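# Turn this into a model:
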Amino acid sequence: MTKAGFSFCCPLAMPQMEDPSRRKIYEYLSQEGEKTVAEITGKIKLRQPTVSYHLKVMKKEGLLASRKVGRAVFYRIQMVCLEGGSCFGG
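Prediction:
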């Protein structure tokens, strides 16, 4: 698909986003911006190893980017839905 001459893939349509936990993480970061693993874990109410696993998969797929400051790792959205999620009623 293209919009305004750009090629894109809606991240919400990716097979990796079928997991409800990944959708929650993506939606949270979309709304709140860059957050640490601890902040995401506290909000999403999943165990830290589970959140870390999902973040790793999402980063590998290009959905998220991260940066490390000391011991903290901050994650942010890298791939956005140019349709604003409207194709999914968002």
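# mind listing the strands for this structure?
Assigned by DSSP state E, the strands in the chain fall at 2-3, 6-7, 35-36, 64-69, 72-77.
# Rebuild those strands as TSV, extending it with mean pLDDT, distance to K45 and mean neighbour count.
Placement of C-beta: from N, CA and C, glycine included. Output for the strands of the chain, formatted as TSV (pLDDT from 0 to 100; distance: least, CB to CB, whole Å; neighbours: other CB atoms under 10 Å):
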stretch	mean pLDDT	distance to K45	mean neighbour count
strand 2-3	36	34	8
strand 6-7	36	35	8
strand 35-36	96	14	16
strand 64-69	94	19	13
strand 72-77	94	17	16
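# could those go into CSV alongside distance to K56?
As requested, the strands of the chain are exported to CSV (distance: least, CB to CB, whole Å):
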stretch, distance to K56
strand 2-3, 29
strand 6-7, 26
strand 35-36, 15
strand 64-69, 9
strand 72-77, 10
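# give me every residue that touches V37.
The contact partners of V37, taken as CB atoms under 8 Å, 6 or more residues apart in numbering, are Q48, V51, S52, L55, A72, V73, Y75.
# which one of the residues you listed is nearest E32?
Distance to E32 across these (CB to CB) is lowest for Y75, with 10.8 Å.
# Brilliant, that's me finished.
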